[in-house]
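# Give me the fold of what follows.
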Amino acid sequence: MSLNRYEQAIFEYLQSHPDEGRHWENKVSTRAARGELAASTLADELWDYVRERAAHTQPFRDWAARGGVQRTSLLNLAEYLIRLWGPVAPKRKPPVL
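Here you go, the predicted structure:
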């Protein structure tokens, strides 16, 4: 899976800030386990997060200071987080012949 530079920066930020990373991991795993999470919904929530953090935190503050980023897709990041933290699908056993 290929992440664009903004997606990669967000992912690296979550990895380097354990509290925030755990928050997103819990959010994704809990909602995905209940079947309440679609990648497009998570992508929108990630954008809300970026806008909120832009007032306080690097690298988001730099993005906002430069006029913000145009609406870049965060769908790949959302799909990656769901794969990474979502429920593990049980392996199917081959049929007995």
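
# From here on, just use CA atoms for contacts and neighbour counts.
Will do.

# Run through who's touching the lowest-mean-pLDDT helix or strand in the chain.
Evaluated with mean pLDDT, DSSP states H and E, the helix-and-strand set of the chain has its lowest mean pLDDT in helix 60-65, which scores a mean of 82. Applying Cα atoms under 8 Å, 6 or more residues apart in numbering, the contact partners of helix 60-65 are 50, 51, 53, 54, 55, 69.

# redo that, cut-off 7 Å
50, 53, 54, 55, 69 (Cα atoms under 7 Å, 6 or more residues apart in numbering).

# same deal with stretch 7-25?
The contact list for stretch 7-25 (Cα under 7 Å, 6+ apart) reads 74, 77, 85.

# if we can go back for a sec, sort out which of the contacts of helix 60-65 are buried, if you could.
Those of the contacts of helix 60-65 that meet the buried threshold are 50, 54, by 16 or more other Cα atoms under 10 Å.

# Dump the contacts of helix 60-65 into CSV; add pLDDT as well.
As requested, the contacts of helix 60-65 are arranged in CSV below (pLDDT from 0 to 100):
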residue, pLDDT
50, 89
53, 89
54, 87
55, 86
69, 65
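
# helix or strand for residue 22, which one?
Secondary-structure assignment from DSSP states H and E places residue 22 in helix 18-33.

# mind listing the helices for this structure?
If you assign secondary structure with DSSP state H, the helices in the chain sit at 5-16, 18-33, 39-53, 60-65, 75-85.
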